[in-house]
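J.: For reference, the sequence and a predicted model appear below.
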Amino acid sequence: YQRRVHGTLSECLFFFRVFVVVFFRMCDEFDEITILEQTLFTQGFNAGHQKAKDASTADGYTFGVTEGIQLGFRLGLIEGFVSTCSQLQASGVKTFSARTLRALDGLKQQLASYTLQSKDAMEGLQALEEKMKVLQISLGAKVRAPQTDTLDF
């Protein structure tokens, strides 16, 4: 009976040692899988972040160019209108009323003080456009609202 118990105990210890070795090997393999998963997740996240950054930079550049073209168009229209009116007035081809001259001088002053570096550049541009409409109305032109706010290319 003692021999049988001793043999069984040693067999149990043997199987326990085998189990422990196999268990820790499996744990090591699971750890390697977990580390690999975390590494791949980090690489994927970084690649996605860089791709999104590149795409948003390109979209931002395109948006900035489009907005810059529109802003330049609007400012050029106002500058051209003021220049044409000033040349007409200086050449004497057309005589302007006192109201029209005040509106023209006010628009010239507002245009000279306008800067793109200010925080309210867009509000200043809208004020310039409103002042130009006042000048157009004083000249007897029929002013109509723009159909779209953007230029289509």
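T.: Everything's here; your move.
J.: Quick one: mean pLDDT for the helix or strand Lys51 falls within?
T.: Counting by DSSP states H and E, the element that carries Lys51 is helix 2-91. The average pLDDT within helix 2-91 is 80.
J.: who does it touch, helix- and strand-wise?
T.: Helices and strands touching helix 2-91, as assessed by 3 or more C-beta pairs under 8 Å, 6 or more residues apart in numbering; DSSP states H and E, comprise helix 98-113, helix 121-138. Backbone N, C-alpha and C define where each C-beta goes, glycine included.
J.: Distance check, Phe45 against Leu88.
T.: 64 Å (C-beta to C-beta, to the nearest Å).
J.: Neighbour count for those two, which is higher?
T.: Taking other C-beta atoms under 10 Å, Phe45 and Leu88 do not tie; Leu88 has more neighbours (15 against 10).
J.: was I right about the more buried one contacting Leu101?
T.: No: here Leu88 does not reach Leu101: they are 11.6 Å apart, not a contact under C-beta atoms under 8 Å.
J.: Skipping its backbone neighbours, what lies nearest Leu135 in space?
T.: Using C-beta to C-beta, 6 or more residues apart in numbering and skipping residues adjacent in sequence, the residue nearest Leu135 is Ala103, 4.2 Å away.
J.: Okay, and Thr95 sits in which element?
T.: Thr95 is part of no helix or strand, with elements assigned from DSSP H and E.
J.: please begin residue numbering at 737 from this point
T.: I'll keep to 737 as the first residue from here, and by that count the last item is Thr831.
J.: where does it fall, phi/psi-wise?
T.: Here is the backbone geometry of Thr831 (degrees, to the nearest 10): phi -100, psi 140.
J.: any idea of the pLDDT on it?
T.: For Thr831, pLDDT reads 76.
J.: Secondary structure element for Ser854, which one?
T.: With DSSP H and E as criterion, Ser854 is part of no helix or strand.
J.: what number of residues lie near it?
T.: Neighbourhood size, Ser854 [other C-beta under 10 Å]: 11.
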